[in-house]
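> sharing a model that was predicted from the sequence below.
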Amino acid sequence: MNQIIALGFILLSLASCIHTLPSQSEANSENCVHRADVRRINVRDARTIDFHLRDGSTRRNILPKACGNLFIVGSFKPVTVHAEYCPGDEILVPNVSHGSGELDGMVCNLGSFVPADDNR
């Protein structure tokens, strides 16, 4: 009986710890951009993407490394679809090709978001 009570206390303690830990998305949300807040996206070069937000601000994402045809194509598709763009998220830059509509291309990771000084 004492073992059952002790086990109950342990489980309650663990449950309270789990409840107070932030989820991964909450921990990253300070450095994420909500997709619904994005008015337009501007690819500046093979490593830099500006996210122009509805509130007039711009958040710049500098990728950890150059991403193939990103600047040439000027667009990308998120690999994982969720409500935010976050550091480490994978994006797919389509190949410059015959327009077959196939989803092939280079997969790259987003970097951290920083405020951008200009709104070009």
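Now that the structure is in, tell me what you want to look at. Nothing here was measured: the structure is a model prediction, and the numbers come from that model. Numbers count the residues shown, from 1 in each chain.
> how much space separates the residue lying closest to residue 95 once chain neighbours are set aside from residue 96?
The shortest distance from residue 95 to any non-neighbouring residue, by C-beta to C-beta, 6 or more residues apart in numbering, is to residue 105 (4.7 Å). C-beta here means a position set from N, CA and C on the backbone, and glycine is covered the same way. In this view, residue 105 and residue 96 are 9 Å apart by C-beta to C-beta, to the nearest Å.
> overlap in contacts of these two?
residue 69 (C-beta atoms under 8 Å, 6 or more residues apart in numbering).
> of those two, which one has the most company?
For residue 105 versus residue 96, neighbours defined as other C-beta atoms under 10 Å are more numerous around residue 105 (20 against 11).
> hey, where'd the helices end up in the protein?
2-20, 24-28, 70-73 (DSSP state H).
> ok, residue 50 - contacts?
Residue 50 touches 41, 42, 43, 44, 58, 59, 60, 61, 116, 120, counting by C-beta under 8 Å, 6+ apart.
> what is it paired to in the beta sheet?
residue 42, residue 60 (DSSP bridges).
> can you pull the pLDDT of it?
We have a pLDDT of 98 for residue 50.
> ok, now residue 78?
pLDDT, residue 78: 92.
> ok, the closest residue to it other than its chain neighbours - how many residues close by?
Closest residue to residue 78 apart from its sequence neighbours, by C-beta to C-beta, 6+ apart: residue 91 at 5.8 Å. Using other C-beta under 10 Å, the number of residues around residue 91 comes to 22.
> which residues does residue 91 bridge with?
residue 78, residue 108.
> for the closest residue to residue 33 other than its chain neighbours, which residues are in contact?
Using C-beta to C-beta, 6+ apart and skipping residues adjacent in sequence, the residue nearest residue 33 is residue 85, 4.7 Å away. Counting by C-beta under 8 Å, 6+ apart, residue 85 makes contact with 32, 33, 35, 38, 51, 61, 78, 110, 113.
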